[in-house]
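Next one to model:
(one chain, ligands or ions: 1)
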Amino acid sequence: MHDVPFTDDELLAYLDEMLPVEKMAELERQLRSSDELRRKAAAVAQRRENGAHTVAQIWRTSRLSCPTRSRLGSFLLGTLEAELTEYVEFHVRTVGCRYCAANLQDLEAELDRQPETKQRRRKFYESSAGYLRGADDE
Ligand SMILES: [Zn+2]
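You can find the predicted model right below:
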């Protein structure tokens, strides 16, 4: 199996615990076996210490900012406009934002306590990839 190279941005996301769980596991596996990657990670950590850049900055420049909690709520209820719905799905499923995944999980639990919303809301977690649930058992 070939090691997939990690970018500085990914290493930075790892340090900020914002990498999707699967990717994080792969990176940790490679860190154990690669001196080069450890050096690279150390350099990224050093730059981070010096405030050279943060994940938040990168995300702002890449327009990958987190949707608000109320948008996430609308998303679960299926009342969000199509474009934003796609964005939330991309942001959480593809980008793998763990903050929003946690937020969604929290909102789902909240909605579960309100029986009247149970019928019409989206079943986000039933159809989503296992890694979202996996984020819990660290
Ligand atoms: Zn997010």
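
Where does pLDDT dip in this protein?
Residue ranges of the chain with pLDDT under 70: 1-4, 51-64, 115-138.

Which strand or helix spans the closest residue in space to Val88 that isn't next to it in sequence?
With CB to CB, 6 or more residues apart in numbering as the criterion, Val88 has its nearest non-adjacent residue at 4.6 Å, and that residue is Phe75. For the C-beta atoms, the positions are set from N, CA and C on the backbone; glycine is no exception. For Phe75, the host element (DSSP states H and E) is helix 69-77.

I'd assumed Gln30 was in contact with Tyr14.
No - between Tyr14 and Gln30 there is no contact under CB atoms under 8 Å: 10.7 Å.

So these two - more neighbours on which side?
Between Tyr14 and Gln30, Tyr14 has the larger neighbour count (other CB atoms under 10 Å), namely 20 against 17.

nearest spatial neighbour of the more buried one, skipping sequence neighbours?
Nearest one to Tyr14, counting by CB to CB, 6+ apart, is Leu27 at 5.5 Å.

Give me the distance between that neighbour and the ion.
Distance of Leu27 to the ion, computed by CB to the ion, to the nearest Å: 19 Å.

Next: Glu17.
Taking CB to the ion, one finds Glu17 at 13 Å from the ion.

How about that residue, nearest residue that isn't a chain neighbour?
Nearest to Glu17 is Arg98, by CB to CB, 6+ apart, at 6.9 Å.

Next up, the contacts around the residue nearest to Tyr14.
Counting by CB atoms under 8 Å, 6 or more residues apart in numbering, Leu27 touches Phe6, Glu10, Leu11, Tyr14, Leu19, Leu37.

which helices and strands does the helix holding Phe75 pack with?
Applying 3 or more CB pairs under 8 Å, 6 or more residues apart in numbering; DSSP states H and E, one finds that helix 69-77 makes contact with helix 82-89, helix 98-112.
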